[in-house]
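Have a look at this fold, sequence not included:
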């Protein structure tokens, strides 16, 4: 049975290291990790990885010096190395490629799936077959075969659901009729009383004065007649 492809990843960022280790494990690779260049140079002889993912900015021994040591050692010079760094300048990429790196990947520009694809391409360039571990499903996900299942009796007897007669839907209530307009009361035909004739005060007073004048005149005539009769016949 061929051995599983081994990947040695070197980075001083523990969170990034754990994340990539998990993704490479899920892809079926056998992953070993180191936190600096010095530890990488010691472990590479023990693990004998098929490929190395190497950071540049690390304590103790940086990535450039680590890469130079790998390529100058007869036992490790044929090991493929991919630089996985946060440095984005072209001069950093050129320096790594000149030192023997097979590829240069900028961390902020790739996803773990892209890195896995790069690993497969570089191994293919070295005519190395990528052998991954078969994925094993957790035991909890495999349903157990149960023979002669025993059905336990129900804890309680379900009560029949009472049937409820359907309720007829209510007819919609008709809208209220518009109010009948009330006609105004008819005006009764009544006879308009004739206007009273009123005399002017001046005319009435004039008539009364004339009547009084005639009465006094008559009285004077009577008195004058009486006096004439008395003087003439009584003497």
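Cool, got the structure. Only a predicted model underlies this, so the values are computations on that prediction, with no experimental measurement involved. Residues are numbered from 1 along each chain as shown.

remind me which residues of this structure are low pLDDT?
1, 134-209, 233-235 (pLDDT under 70).

now do 90
Applying pLDDT under 90 to the chain flags residues 1-3, 127-235.

so what are the domain limits for it?
Per the record, the chain has its domains at 6-133, 206-235, by automatic domain parsing.

Would you mind finding the most buried of those domains?
domain 6-133 (a mean of 17; mean count of other C-beta atoms under 10 Å). Every C-beta, even on glycine, is put in place using the N, C-alpha and C of the backbone.

which residues touch stretch 23-33?
Outside of stretch 23-33, the residues within contact range by C-beta atoms under 8 Å, 6 or more residues apart in numbering are 4-11, 17, 20-21, 43, 47, 49, 112-113, 116, 119, 132-135.

Filter those residues down to the ones in strands?
If you go by DSSP state E, these have 6-10 in strands.

does residue 125 really touch residue 119, like I thought?
No. Here residue 125 does not reach residue 119: they are 11.0 Å apart, not a contact under C-beta atoms under 8 Å.

which residues do these two both contact?
What both residue 125 and residue 119 touch, as defined by C-beta under 8 Å, 6+ apart, is an empty set.

All the strands of the protein, residue numbers only.
Under DSSP E, the chain gives strands at 6-10, 30-34, 51-54, 81-85, 103-106.

Now do the first one: which elements does it pack against?
I take that to be strand 6-10. Helices and strands touching strand 6-10, by 3 or more C-beta pairs under 8 Å, 6 or more residues apart in numbering; DSSP states H and E, are helix 14-26, strand 30-34, helix 37-47, strand 51-54.
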